[in-house]
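J.: Need a 3D model of the following:
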Amino acid sequence: MGVTLQPPESSPMPLTDTSARNAKPKGKPYKLSDGDGMYLLIQPNGAKWWRLKYRIGGKEKSISFGVYPSVSLKDARNARDEARALIAGGVDPSAARKVEAVAVADDEDTFEKVAIAWWEHWKGSCTPGHADNILKRLKADVFPIIGHVPVKKQTAPMLLAMAKRIESRGALDIARRALQTSGQILRYAVAHGLAERNPAADIRPSDALTPRKKQNFARLDEKELPELLRKINDYDGTVITRCALRLMALTFVRTSELIGARWEEIDTKANLWRIPAERMKMRTPHLVPLSKQALAVLDELRQETVNRELLFPGERSPRKPISNNTILFALYRMGYHSRMTGHGFRGVASTILHENGFPHEHIEIQLAHQERNQVSAAYNHATYVQQRAKMMQWWADYLTRAASLGLVMPLKKQA
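T.: Residues are numbered from 1 along each chain as shown. Predicted coordinates for the structure are as follows:
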């Protein structure tokens, strides 16, 4: 389907709120262009309509965004940008608007109603935090657009228009996830006899949405590591934040796994940190062997968190952990904005451990990357635990040497 965005009408400058407000009616309708195909149509009776001229499927069309000043210049431009994003994806904004006008009978199963039923059924298979986030996204991004439409009346163009509207504000990942979640909801509807088919099956996000560029988490090179380690040791923020940074470097767990750590997970007799399945991305338990240096950090933390359940309690509410941004902002304060993240420690550790000859499978298990099936899930978290304990102590000694010497020098790998 051919898509052409209407070029802007000739105009010396975009509109301002003052020029729009001061525009006087004439004997005939006339236009004041704002650019990108949008203009303010001044009627002889004084009404001022925002309109966008565009082409789609080889046909010239227009759409109205409302009357000025009830619809401000800023709001009209936002509506124009959303419409142009739909047009660029092959969606007619006029057709997308018809979604909002779908009539609904009182006894029909709307998308929102079925989505809530699906969420109640599905939420037990994931962490509470992830489940809550999915519901919030549905309420914020999907329900306002197609929530009122019965599942039987859902169409692929409706779903695409919903995703493109989310994408138009630059939320590419959220748009993709909205399509994916909507597909799951409609499959649920089909399975329960609430709809005959799933129109999401007709849409591939890669065909409809802007391709996303793969982004790697910011991280330092090996040669930059000693300076960062010294800055962490000298960090002038709170003791809890400094310990969080040190323990993250020593254990290279995920940020969410670190900040949610509880003292009941720490086994000082076995020198192990036992992270329960419900806090892991892979939904299986994870063992983190604790080096001498990690145990020293924990000893320091205990003095700061007396009678606390969390290793890293927040300042305002000790029953809640520090936020994900605590570590990120600490790195910013130390001068590593856009250069290093909490997740970056994982990449640095993986690279250095691989370069120093540690087995790939040991590193991957320690990173909690390996998939587990239901049969082996109960055992895999303890696989190679002795070998991993030696690897983690080597890694801690490596970091200690790097910080103290100010340069990275190879250590002999432990047998």
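J.: Can you tell me how far residue 249 is from residue 15?
T.: 53 Å (Cβ to Cβ, to the nearest Å). Where C-beta positions appear, they are placed from N, C-alpha and C, glycine not excepted.
J.: low pLDDT regions in the stretch 251-400 of the chain?
T.: Low-confidence segments of the stretch 251-400 of the chain (pLDDT under 70): 282, 370-382.
J.: 50 instead?
T.: The model of the stretch 251-400 of the chain has pLDDT under 50 over residues 371-379.
J.: Provide the secondary structure category for residue 353.
T.: Three-state call for residue 353 (DSSP: H, G, I helix; E, B strand; the rest coil): helix.
J.: Identify the bridge partners of residue 67.
T.: Beta-bridge pairing of residue 67 under DSSP bridges involves residue 49.
J.: right, and it touches residue 51 too?
T.: No - contact between residue 67 and residue 51 fails when scored by Cβ atoms under 8 Å: they sit 10.7 Å apart.
J.: Between these two, tell me which one has more neighbours.
T.: Neighbours per residue, other Cβ atoms under 10 Å: of residue 67 and residue 51, the larger number sits with residue 51, 17 against 14.
J.: Sticking with the more buried one, tell me its helix or strand.
T.: strand 48-56 (DSSP states H and E).
J.: May I have that strand as PDB, with CA atoms only?
T.: Taking C-alpha atoms only, strand 48-56 is exported to PDB below (Å, rounded to 0.1, in the frame of the first residue of the first chain):
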ATOM      1  CA  LYS A  48     -10.600  27.700  14.000                       C
ATOM      2  CA  TRP A  49     -10.100  24.000  13.200                       C
ATOM      3  CA  TRP A  50      -6.900  22.100  13.300                       C
ATOM      4  CA  ARG A  51      -6.500  19.800  10.300                       C
ATOM      5  CA  LEU A  52      -3.900  17.500   8.800                       C
ATOM      6  CA  LYS A  53      -3.700  16.800   5.100                       C
ATOM      7  CA  TYR A  54      -2.000  13.500   4.100                       C
ATOM      8  CA  ARG A  55      -2.000  10.800   1.500                       C
ATOM      9  CA  ILE A  56      -2.400   7.100   2.100                       C
END
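J.: now it: mean pLDDT?
T.: Computed over strand 48-56, the mean pLDDT rounds to 88.
J.: what do you get for stretch 135-150?
T.: 87.
J.: Identify the residues contacting it?
T.: 99-100, 102, 104-105, 108-112, 115, 119, 123, 154, 158-159, 161-162, 165-166, 171, 174, 177-178, 181-182 (Cβ atoms under 8 Å, 6 or more residues apart in numbering).
J.: Strands of the stretch 151-300 of the chain, start to end?
T.: Ranges of strands in the stretch 151-300 of the chain, per DSSP state E, counting those that start in this stretch, are 266-267, 272-275, 286-289.
J.: and the ones you listed, which is most packed in?
T.: strand 286-289 (a mean of 24; mean count of other Cβ atoms under 10 Å).
J.: Which strands or helices does it pack on?
T.: In this structure, strand 286-289 makes packing contacts with strand 272-275, helix 385-405, judged by 3 or more Cβ pairs under 8 Å, 6 or more residues apart in numbering; DSSP states H and E.
J.: could the ones you listed be laid out in TSV, adding distance to residue 260?
T.: Listed next are the helices and strands packed on strand 286-289 as TSV, based on distance: least, Cβ to Cβ, whole Å:
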stretch	distance to residue 260
strand 272-275	9
helix 385-405	20
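J.: Out of those, which is the most enclosed?
T.: strand 272-275 (a mean of 20).
J.: Name every strand pairing with that one and say which way it goes.
T.: Short version: by DSSP bridges, strand 272-275 pairs with strand 266-267 (antiparallel), strand 286-289 (antiparallel).
J.: Residue 312: which of those strands is closest?
T.: Taking Cβ to Cβ, strand 266-267 is the member of the strands paired with strand 272-275 nearest to residue 312, at 12.5 Å.
J.: Give me the residues contacting the closest one.
T.: Under Cβ under 8 Å, 6+ apart, the answer for strand 266-267 is 273-274, 290, 298, 311.
J.: Give me the domain ranges for this protein.
T.: Using automatic domain parsing, the domain parsing of the chain gives 3-80, 101-208, 222-405.
J.: How far off centre is the last one?
T.: If I follow you right, that is domain 222-405. Remark: domain 222-405 is offset 22 Å from the chain centroid, using Cα atoms, centre = their mean, to the nearest Å.
J.: next one: stretch 134-141
T.: For stretch 134-141, the separation from the chain centroid amounts to 13 Å (computed by Cα atoms, centre = their mean).
J.: Which of the contacts of stretch 135-150 fall in helices?
T.: If you go by DSSP state H, the contacts of stretch 135-150 have 111-112, 115, 119, 158-159, 161-162, 165-166, 174, 177-178, 181-182 in helices.
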